[in-house]
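J.: any chance you can model this:
(one chain, ligands or ions: 1)
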Amino acid sequence: MFPAVSWRLLGLAAVAVSLSLELVYRFVRRRRPVREVLFFPAPLVCTEPLLSPGLSCSCPLPHDKDSALYQLVRRLLGARRSLELCIFTLSSPPLARAVLLLHSQGVRVRVITDSDYMAAAGSQIGSLRKAGVAVRHNQSSGFMHHKFAVVDNTIVITGSMNWTMQAIQTNQENLLITDDGVCVRAYREQFERLWKEYDPTTYCFFPEEDKKQT
Ligand SMILES: [Zn+2]
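T.: Residues are numbered from 1 along each chain as shown. Below is the predicted model of the structure:
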C-alpha cells in the first residue's frame with residue numbers, strides 16, 4: 001500500500017500531465033495556419049445542415065460538404081464573438097441567413113455596404129436591419145466596393161465575390177481565407193476606419209450648401 005503522501009503526489013502528477021497535454025494540444029491547434037482558397041461558380045448545394053443544426057434535411061439539392069458555398073457558410077458560422085462584413089451587395093439567402101443566425105446567437109455583427117446597391121431588388125440588407133443587425137453605408141459617389149469579412153478578429157475572407165446567387169452560381173470568382181496576422185490587422189483597421197467614417201450621426205446630406213455656410 002502507498003502512503004497517503006504518495007497518492008497525493010501521484011494525483012498531482014496526473015493533473016500536471018493532463019494540463020501539459022492540454023497546453024500542447026492548444027498550441028498545436030493555434031499554430032495550424034488557416035490558408036484556404038474557394039473558387040466559384042459553384043453548384044447550389046443545401047446548407048440547411050449548417051443553418052438548422054440538428055435537423056436532418058432530405059431536400060432535392062445536393063448535400064456536398066466540399067462545395068465552395070458550403071465551405072463559406074461553415075467558415076462564417078465558425079464565428080463565436082464577432083463578424084465584420086464589408087460587402088458591396090448582399091442578396092444571397094443562405095449567406096444572409098448565416099449572418100442572421102450569428103446575430104441571433106449573440107455574435108456581434110456589423111455590416112458595411114453600398115448605399116445604391118443595398119436598395120437593389122433582392123437585397124437582404126433590409127431583413128438584416130429589421131432583425132437588429134447594425135448596418136452602415138457609404139455616402140460618397142464612389143461605390144463601397146469591398147467584399148470582405150473578418151471572423152472573430154482572427155480570420156479574413158476576401159476576394160472578388162459579392163454575396164449574390166449570380167456570383168455564387170454563375171460568375172468566375174475567388175475567395176481567400178486566411179488567419180495571417182498582418183492581413184487580418186489591415187482588414188480590421190480598414191473596417192474600423194470605414195465604420196467611423198460612415199457613422200450616420202456625421203452624415204452630411206448637402207455638402208455643397210454646408211460649404212457655402214462655413
Ligand atoms: Zn437539404
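
J.: could you pull out the strands for the protein?
T.: 35-40, 82-87, 108-113, 134-137, 147-151, 155-159, 173-178 (DSSP state E).

J.: ok, the closest residue to V151 other than its chain neighbours to F143 distance?
T.: Nearest-residue entry for V151: A79, 4.8 Å, with adjacent residues in sequence omitted and distances by Cβ to Cβ, 6 or more residues apart in numbering. For the C-beta atoms, the positions are set from N, CA and C on the backbone; glycine is no exception. Using Cβ to Cβ, to the nearest Å, A79 is found at 26 Å from F143.

J.: hang on, the earlier thing: in JSON lines: the strands of the chain, plus mean neighbour count and mean pLDDT.
T.: Converted to JSON lines, these look like this (neighbours: other Cβ atoms under 10 Å; pLDDT from 0 to 100):
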{"stretch": "strand 35-40", "mean neighbour count": "15", "mean pLDDT": "98"}
{"stretch": "strand 82-87", "mean neighbour count": "23", "mean pLDDT": "98"}
{"stretch": "strand 108-113", "mean neighbour count": "21", "mean pLDDT": "98"}
{"stretch": "strand 134-137", "mean neighbour count": "17", "mean pLDDT": "97"}
{"stretch": "strand 147-151", "mean neighbour count": "23", "mean pLDDT": "98"}
{"stretch": "strand 155-159", "mean neighbour count": "20", "mean pLDDT": "98"}
{"stretch": "strand 173-178", "mean neighbour count": "18", "mean pLDDT": "98"}
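
J.: the ion: which of these is closest?
T.: Put simply, out of the strands of the chain the one that sits nearest the ion is strand 35-40, at 19.8 Å, with distance taken as Cβ to the ion.

J.: how distant is that closest one from the center of its chain?
T.: Mean C-alpha position of strand 35-40 versus that of the full chain (Cα atoms, centre = their mean, to the nearest Å) differs by 15 Å.

J.: what do you get for stretch 145-163?
T.: With Cα atoms, centre = their mean as the basis, stretch 145-163 stands 7 Å off its chain's centre.

J.: what's the burial count for the residue nearest to V151?
T.: For A79, the count of nearby residues is 24 (other Cβ atoms under 10 Å).

J.: double-check it against H103; I have them as touching.
T.: No: at 10.2 Å, A79 and H103 do not qualify as touching, with contact defined as Cβ atoms under 8 Å.

J.: list the contacts for the closest residue to A134 other than its chain neighbours?
T.: The shortest distance from A134 to any non-neighbouring residue, by Cβ to Cβ, 6+ apart, is to R110 (5.0 Å). Neighbour list for R110: 82-85, 133-136, 191, 195 [criterion: Cβ atoms under 8 Å, 6 or more residues apart in numbering].
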